[in-house]
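Chemist: This is a predicted model, with the sequence first.
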Amino acid sequence: MKKIVTATALLLASTALAAAEGELQLYNWGNYTSPDLLKKFEEETGIKVVVTDYDSNTAALAKVEAGGSGFDLVVPSANYIPIWIEKGLVQKLDDSKLANKGNIAPEWVNVPWDEGRQYSVPWQWGSVGVAVNTSVYKGDINTSDIFLRVPEELKGKINVVPEMTDVLNMAIFNVGGEPCTEDTEVLKKVRDLVVAAKADWLAMDYGATEKLSNNDWAASVNWNGSTMRARLANPDVAFGYPREGYPLFMDSVALLSDAKNVDNAYKFIDFIMLPENAAMISAFARYANGIAGSAEFMPEDMKTAPEVVTPEEHAKAGRFLPTCSQKSQEYLTAIWTELQK
Amino acid sequence: MADRSFEVARLPGFRSIALTAFVLLYLPIITLVVYSFNAGQSVAVWEGFSLDWYTTAWENEAVKGATYRSLLIAASASAIATTVATMAALGTTRRKAFKGQTFIYVMINQPLMVPEIVTAVALLIFFASIKVATGYNGLIYLIIAHAAFCIPFAYLPIRARLEGMDLTLETAAADLYASHWQAFRFVTLPLMLPGIIAGAMLAFVISLDDVVITEFVKSGGQDTLPTYMLGQMRRAITPEVNAISTVLLALTVLLLTAFFLLTRKKD
């Protein structure tokens, strides 16, 4: 019993010390923060960054919303940022404390979820496309027809990741609709298209990096960073950017309204907007970062990776998905439910 | 007399069903352990034997911190849970049956019946208001939460042990002029000790494994091994996770073996 009391006392003491000075609480996706980046930040500023993991936007939101979480910075996905802002959970950034804010690449400044970057700065971004084993299928891979009108060679060999919003919006783009549409004509086409295509799918599952590497799947709807890792293990794998339109995603850093280490948080936000530091983030998690000039600091295999550096001709087909309206959510869920049967 | 030759194990299909069950139970675990020794980046493509991922995990500060925290929480929580469970077991068994006994059993075993996510959300909301009011964010919340859901796991083996001990034991000790304390110290406690140890170890393992409640209750920098591993899911899973799981598995097997040996001894 004495031991427990001592241990408890020590715990109390250590957390009391930690809260004092030189600390920053970062709440981020698991395995997403480069340890080298944190080391460099600590060497330069003396501030120790404590990272805590989450594995979904909803879990992070629920935890912070409950209050008293003790975190300073959070890294939500694009379509969740408006929710954080609306609920007053994140605070407006004071640009006078962010000398490097000008480094944000122009295309990432006026983003639909945070016009003018008043609340958030880029962490990493990527795209959802189709990964194809080119030894199995030699045709054009830059089209969502790969999984919506499956070519003969890929029938029964293709996977579709079970991400409702991404998959169904790619189908909406394929039939020429707008993301989160409420147009029932378009949605009917989408429904018929995916239900018919499903007969040719092998699976609806995660784990594409592995299954593409070991040739279990000849193709998959997949994320670009994951496809890059699959290609490094299996050179036949290539990433296609559907020309009909494909979803982009971005996670951005935001400052919590109840942050305790606000000054340290500003130092960190400014720090990650320097190109050489942003490159460290990318080198670890293997996604692009949205800071201009960071490419030259990236590892060699990323500078040239066609999955990370979007080829010019495919860039304009990439689109951010807005936060869908309640009505369109219901339509999409209905289609998705039918697809799962 | 019933037909002595009847045994469930001799029913047709028993053997094949049992074998299938064992294969399904253990094959994934064996695969996990095997791939922890993979030389490559993948958890599905074998590229030769190596201990690299154990080294990587060992050198990973986040893993080390999480391991330390997991063990500290499990040790503290199982100590508290076992103490409470021992007292509860004594109170509910070393006496004649009483009114409301079943109700008390249900109360004590509540964490076994309420879905874990319900407890987790309730604790999140409850602790959040305390955290806001006090500004204190230490590990103590996790320890209390873990101790709470570990109590039934510690309680059940201790109660089982006590129920197997005759109520007249203490009376006999009293007849021989033992004081209440002496009767407890020299008769009851030594006899129930295997149950206490078994309960403590079960509680320890349960705390070590917990994900849902920990995920909701943890504050900044309080990832435990399971929540750390869960966090890896969004990006590529490397054999590092296999290596950590293997170590965790070895630890669990060790404790369960000890549990088995201790409970077997005197029956």
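Modeler: Done, it's in.
Chemist: In the helix or strand encompassing residue A:194, which residues are buried?
Modeler: Secondary structure assignment for residue A:194, by DSSP states H and E: helix A:184-198. Buried residues in helix A:184-198, defined by neighbour count with 16 or more other Cβ atoms under 10 Å in any protein chain shown: A:186, A:187, A:189, A:190, A:191, A:193, A:194, A:197, A:198. C-beta coordinates here come from the backbone N, C-alpha and C atoms, glycine included.
Chemist: how about residue B:145, what does it touch?
Modeler: Neighbour list for residue B:145: B:123, B:127, B:213, B:214, B:217 [criterion: Cβ atoms under 8 Å, 6 or more residues apart in numbering or on different chains].
Chemist: Apart from its chain neighbours, what residue comes closest to it?
Modeler: In space, and not counting its chain neighbours, residue B:145 is closest to residue B:217: 4.9 Å by Cβ to Cβ, 6 or more residues apart in numbering or on different chains.
Chemist: Contacts only, for residue 48.
Modeler: Because you didn't say which chain, this covers chain A. A:22, A:23, A:24, A:42 are the contacts of residue A:48 under Cβ under 8 Å, 6+ apart.
Chemist: that's the wrong chain, I meant chain B
Modeler: Residue B:48 neighbours (Cβ under 8 Å, 6+ apart): B:38, B:39, B:40.
Chemist: Please confirm that the last one is located within a helix.
Modeler: No: secondary structure assignment places residue B:40 outside any helix; it is coil (DSSP: H, G, I helix; E, B strand; the rest coil).
Chemist: That one and chain A, how far apart?
Modeler: Remark: distance between residue B:40 and chain A (Cβ to the nearest Cβ, to the nearest Å) = 7 Å.
Chemist: Would you agree that residue is in contact with residue A:232?
Modeler: No: judged on Cβ atoms under 8 Å, residue B:40 makes no contact with residue A:232 at a distance of 10.4 Å.
Chemist: How about the residue in the stretch 101-250 of chain B that chain A sits nearest to: what's its closest non-neighbour residue?
Modeler: Here the stretch 101-250 of chain B gets closest to chain A at one residue, residue B:231, 1.9 Å apart by Cβ to the nearest Cβ. Counting by Cβ to Cβ, 6+ apart, residue B:231 lies nearest to residue A:30, which is 1.9 Å off, once chain neighbours are set aside.
Chemist: can you tell me which residues contact that neighbour?
Modeler: Contact partners of residue A:30, counting by Cβ under 8 Å, 6+ apart, are A:53, A:54, A:55, B:228, B:230, B:231, B:232, B:233, B:234, B:235.
Chemist: what's the burial count for residue B:153?
Modeler: 25 (other Cβ atoms under 10 Å in any protein chain shown).
Chemist: ok, now residue A:310?
Modeler: 20.
Chemist: okay, it: pLDDT?
Modeler: Residue A:310 is assigned 86 on the pLDDT scale.
Chemist: is it true that it touches residue A:127?
Modeler: Yes: counting by Cβ under 8 Å, residue A:127 is a contact partner of residue A:310 at 7.0 Å.
Chemist: the strands in the stretch 201-341 of chain A, which residues?
Modeler: Along the stretch 201-341 of chain A, counting by DSSP state E, counting those that start in this stretch, strands occupy A:201-203, A:219-223, A:237-240, A:246-255, A:318-320.
Chemist: What is the first one packed up against?
Modeler: Counting contacts by 3 or more Cβ pairs under 8 Å, 6 or more residues apart in numbering or on different chains; DSSP states H and E, strand A:201-203 packs against strand A:158-159.
Chemist: Need the contact partners of the strand it packs on.
Modeler: A:146-147, A:150, A:200-205, A:208, A:211, A:217-221.
Chemist: Can you turn the buried subset of these into a selection I can paste into ChimeraX?
Modeler: The ChimeraX command for the buried members of the contacts of strand A:158-159 (criterion: 16+ other Cβ under 10 Å) is given here:
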select /A:146,147,150,200,201,202,203,208,211,217,218,219,220,221
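Chemist: between the contacts of strand A:158-159, which is nearest residue A:86?
Modeler: residue A:221 (30.4 Å; Cβ to Cβ).
Chemist: From residue A:155, how far out is the closest one?
Modeler: Using Cβ to Cβ, to the nearest Å, we find residue A:221 at a distance of 15 Å from residue A:155.
Chemist: what's the burial count for residue A:282?
Modeler: 24.
Chemist: Report pLDDT for the residue lying closest to it once chain neighbours are set aside.
Modeler: Nearest residue to residue A:282 in three dimensions, chain neighbours excluded: residue A:289, at 4.8 Å (Cβ to Cβ, 6+ apart). Model confidence at residue A:289, expressed as pLDDT, equals 91.
Chemist: Output the contacting helices and strands for whichever helix or strand residue B:30 is part of.
Modeler: Following DSSP H and E, one finds residue B:30 within helix B:14-35. Packing contacts for helix B:14-35, counted by 3+ Cβ pairs under 8 Å, 6+ apart, involve helix B:239-264.
Chemist: avg pLDDT for the helix it packs on?
Modeler: pLDDT averaged over helix B:239-264 gives 84.
Chemist: what residues are up against residue 214?
Modeler: Picking chain A for this. Per Cβ under 8 Å, 6+ apart, neighbours of residue A:214: A:234, B:42, B:44, B:45.
Chemist: ah, no, chain B please
Modeler: B:142, B:145, B:146, B:224, B:226, B:227.
Chemist: how much space between the closest residue to the fifth one other than its chain neighbours and residue A:55?
Modeler: Once flanking residues are discounted, residue B:226 sits nearest to residue B:211: 4.6 Å by Cβ to Cβ, 6+ apart. When distance is defined by Cβ to Cβ, residue B:211 is 10 Å away from residue A:55.
Chemist: what is in contact with these two at once?
Modeler: residue B:230.
Chemist: What segments of the stretch 101-250 of chain B are helices?
Modeler: B:101-108, B:110-113, B:116-134, B:140-163, B:168-175, B:180-183, B:189-209, B:212-217, B:225-231, B:239-264 (DSSP state H, counting those that start in this stretch).
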